[in-house]
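**Student:** Task: produce atomic coordinates for the following.
(chains A and B)
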Amino acid sequence: MNCYEAIDLMGDAIESRVPSDSRAGFQEHLDECPACCTYFEQLRTTVSALARLPRRGDPVVLTQNLRDAYRRRSR
Amino acid sequence: MSELVSLALVFMQLSLLAFGGTNSVIPEMQRQVVLLRDVERLSAGDVCNILALSETNVRVILHRGRAKPRQALDRYMRDGATSEGAAPSESVGRVAARGIR
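**Tutor:** Numbering: from 1, shown residues only, chains lettered A, B, ... in the order given. Predicted coordinates:
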């Protein structure tokens, strides 16, 4: 696996959703490439910090409001 | 690590404020996707429906939207604190800046 392919998978890796056939190659690349390893850690820290920000509202209500807005827009 | 997360948290709040307004550092669509996926923690499917985008589009926009705060975190860690491990090389930065294919 090269850096392009590893970076492609980082978003999935943060959510533990790397396809099983790519998992070993992804881990191997991180073990061998310190730059990608650091990049991945920083991305994980970024996402972890974003997840701690206060939400704007109850996710269920928010989702419903956004869905309603979406439906109104697509009519 | 928790100290790092706290620092990052403060930074993200400032960044998110900067994301809005006329001098937005990331485009509005990227801001929306980052907010919905990472802050509100909606599923990828919900974000696709809400913003009427394909899953691939959401993936690419999310990747690009996360890149700016990550870069700022990288700068902070290199300039403002002793960083452990290697800094992402220029080539990795270039690869990432192009976004996912």
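**Student:** what about the helices in the chain?
**Tutor:** Just so you know, I chose chain A. With DSSP state H as the criterion, chain A has helices at A:3-14, A:20-32, A:34-51, A:59-74.
**Student:** not what I meant, chain B
**Tutor:** Here chain B has its helices, by DSSP H, at B:2-19, B:28-34, B:44-51, B:55-75, B:90-97.
**Student:** Averaging pLDDT over each of these, report the lowest-scoring one.
**Tutor:** Lowest mean pLDDT within these: helix B:90-97, at a mean of 62.
**Student:** Contact partners for the residue nearest to residue A:48 when sequence neighbours are not counted?
**Tutor:** What sits nearest to residue A:48 in space, not counting adjacent residues and going by Cβ to Cβ, 6 or more residues apart in numbering or on different chains, is residue B:5, at 5.8 Å. For glycine as for every other residue, the C-beta is placed from the backbone atoms N, C-alpha and C. Taking Cβ atoms under 8 Å, 6 or more residues apart in numbering or on different chains, we find residue B:5 in contact with A:45, A:48-49, A:52.
**Student:** List just the nearest of these to chain B.
**Tutor:** residue A:49 (3.8 Å; Cβ to the nearest Cβ).
**Student:** excluding its backbone neighbours, what's nearest that closest one?
**Tutor:** Closest residue to residue A:49 apart from its sequence neighbours, by Cβ to Cβ, 6+ apart: residue B:8 at 3.8 Å.
**Student:** No more questions from me, cheers.
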